[in-house]
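[1] sequence and predicted structure, then a few things I'm wondering about:
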Amino acid sequence: MKGLTTLEMNPRLNIIRNIGFIAHIDAGKTTTTERILFYSGKTYKIGEVHEGTTTTDWMDQEKERGITITSAATHCKWKDFQINIIDTPGHIDFTVEVERSLKVLDGVVVIFCGVGGVEPQSETVWHQADKYKVPRIAFINKMDRPGADFFTVVDEMKDKLQMVVAPIQIPIFEKDEFIGMIDLIRNKFITYEDKLGEKIIEKSIPEDFKLNASKYRDNLLEKLSELDDLFMHKVIENAEISEEEINFTIRKYVILNKFVPVLCGSSLRNKGVQKLLDAIGNYLPYPSEVNGEEIAGLFDEKSQKDGSPLSLCSICFKVFTDPFVGKLFYTRIYSGKISTSSQIFNSSKQQKEKVTKILRMHANKQEVINEAKAGDIVCLVGLKNTTTGDTLCESNNQVLIEEIKFPEPVVALAIEPKTQSDQDKLFVALTKLSEEDPSFKVAYNKETGQNIISGMGQLHLEIMVDRLIREFNVKAKVGKPQVAYKETITKKIESVGKFIQQTGARGQYGHVVLLMEPLGKGKGIIFENKIKSGVIPKEYVPAVKEGVEESSCSGILGGYPLVDIRISLIDGSYHDVDSSELAFKVAAEMAVRDGLRKGRSVLLEPIMDLEVSSPSEFISQVIGDLNSRRAKISSIKERKVLRLVKADVPLSEVFNYADALRSLTQGRASYTIEPSYYEKVPDELIIKILGT
């Protein structure tokens, strides 16, 4: 961490790599992780996704579907490096797992499919890594697949991701079979003697490949020259450049987030993984080289000036309920240390916490350790009030790391217990699941008496319901998935809420004036207190805020949540005897309702970013069908025999789209879909949605 001199002097941290794998679904993250664990000696047998035997996909739902649902933490040793790994999901419904992992990782490997290239979710996770400024290297996987095109994928990376990239390896084929790669830094031809890929053979580059290798090596040196003046002079002067100099320059600009080296291989066929491990150690940063700007400013100046040991600074980035141990709090430690039975401080909640146990995780397997230090990613047990995103530190040296922001749900469904005995179990289970997953929301509809659960997509909710039944043994009746509509206002207005009630000797009096104004997309609900001193006593302001927040959960157009509104308390009045917190809470609720009417409240629907990959002969049917679904087609591109159609389409129009697309294209097309933005529902559809 820049500025944390104590950490920079700690040689232990130099060998640690906290890394993750991020990618589009089915690019090969879990398969790559499995090979890494095997080659590093962490496991003795290679597990396969299609057999449900991988280490990190340990949940029943993951084994059955062949996809990653929850990010899994593990660790291994490779040569001199201690590598802590987080394998993240690729499906957009579980993007929250990527978001919170990137918050705490020092570097990532972005995996691309050699056939699919830069797919929609590839772009999404790349931009998530941009947001957290996480250094990265790229691995183009599945080079054994028919249609794999390494150089086209590299070109797509340049065009779509707007990053300086260059191969440090190029693939080699023999009669269309992927047999190995050329290392452009060492000028070596790498191939394998056995099917498990354990016996690596390095030899001189064959004559047939020398020209191409020279071309791409020159390209690598040119890209590095554009970034580094000293390197440029050496290239211009045609001076000899050593392997160490190239690696040093690559590492420097990877850490600065200005360069991404590209490797290749086939994890399934056991090719290229050891060289990827070398690249992780050589190019990705150790803990004290990153996160400095955010973390360094949190510490008092004394500890930075005199070199005294830094206090504890850590963040809980995930909560998971283990059926045997209880709650596991996945924690990244930036500085200081945590010991078993120690007391720490949750600065986000302003509460003390007791650590009863510390675990080092290997997917769902646990190793008890006595102490965790700076750079470690561990699980804490025994915390009572900590939730995802909370900062854990010491009470006498409090710090606060910026919270993790999570996306809003787009799909909802009603769920209710089948029997009275399931009522309590359902409540407990839903509470635990919402604590684990911040993108999974639970609300109660007073009008229907039903629990409403909402999430990032149909698959997300399907998994949650499955977990309710299997893990928590809850029998429940589940409704059909519904679009999670939102409500907002279209103009700036003042609204008034006045609650006056006389009951016996003492009455109720609360009077508030709110300024409500529309905000940009994705801003949520913002409450501000702009009251002048004395107009309303400050002890009643929290009650006003509570009333605003509660009324924001249910608008006037069908009871949908409010979004993208700033609500400011600007005026009001009180009564010396009759005013109470309850009165001001009710007055605030009345004012919000008044504001929605005056502000010409409108209904918003989620718009999805859809990409369809279809054989050319079916493209007219695909486009015609999308047009009938209110889709706005933004581009149609060619990729060999395929056509790629990108479109924005309302979520309500693409429920069960998989079945329709399968029927239109004889099962030969595929698609990806992810939430993009909210947009006003057309007037002609409002009556249909609201049923009035």
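    That came in fine, so what should we check first? Numbers count the residues shown, from 1 in each chain.

[2] contacts only, for Lys42.
    Applying Cβ atoms under 8 Å, 6 or more residues apart in numbering, we find Lys42 in contact with 36, 74-77, 362. C-betas here are computed from N, CA, C, even on glycine.

[3] please enumerate the helices of the stretch 501-650 of the chain.
    Along the stretch 501-650 of the chain, the segments classed as helices by DSSP state H, counting those that start in this stretch run 541-551, 581-598, 619-627.

[4] returning to that earlier point: so which of the contacts of Lys42 are in helices?
    Among the contacts of Lys42, the members found in helices (DSSP state H) are Ile36.

[5] filter the contacts of Lys42 down to the buried ones.
    36, 74-76, 362 (16 or more other Cβ atoms under 10 Å).

[6] which one of these is nearest to Gly336?
    Comparing the buried ones among the contacts of Lys42 against Gly336 with Cβ to Cβ places His75 closest, at 20.2 Å.

[7] that closest one against Asp87, yeah?
    No: shown here, His75 and Asp87 do not form a contact pair, counting by Cβ atoms under 8 Å, at 11.7 Å.

[8] from the buried ones among the contacts of Lys42, which is closest to Gln458?
    Thr74 (29.4 Å).

[9] that older thread, which ones among the contacts of Lys42 lie within strands?
    74-77, 362 (DSSP state E).

[10] so which residue is dead centre in this structure?
    Nearest to the mean C-alpha position of the chain, by Cα atoms, centre = their mean, lies Glu99 at 2.1 Å.

[11] after the one helix or strand that one maps to, which helix or strand is next?
    Following DSSP states H and E, one finds Glu99 within helix 95-104. From helix 95-104 onward toward the C-terminus, using DSSP H and E, the following helix or strand is strand 107-113.

[12] neighbouring contacts of that next one?
    Residues outside strand 107-113 that contact it (Cβ under 8 Å, 6+ apart): 17-24, 26-29, 32, 102, 118-119, 122, 125-126, 129, 134-142, 145, 153, 157, 254, 260, 276, 280, 284-285, 290.

[13] inside helices: which ones of those residues?
    Under the assignment DSSP H, those contribute 29, 32, 102, 122, 125-126, 129, 153, 157, 254, 276, 280 to helices.

[14] and the residues you listed, which is closest to Asn396?
    Leu102 (30.8 Å).

[15] how close does that closest one get to Arg332?
    Leu102 sits at a distance of 11 Å from Arg332 (criterion: Cβ to Cβ, to the nearest Å).

[16] looking at the two, which is more packed in?
    Using other Cβ atoms under 10 Å as the criterion, Leu102 and Arg332 rank with Arg332 on top: 28 against 23.

[17] for the closest residue to that one other than its chain neighbours, which residues are in contact?
    Distances taken as Cβ to Cβ, 6 or more residues apart in numbering place Val104 nearest to Arg332, at 3.7 Å, with adjacent residues excluded. Val104 is in contact with 18, 315, 317, 332, 377, counting by Cβ under 8 Å, 6+ apart.

[18] narrow those residues to those in strands?
    18, 315, 317, 332, 377.
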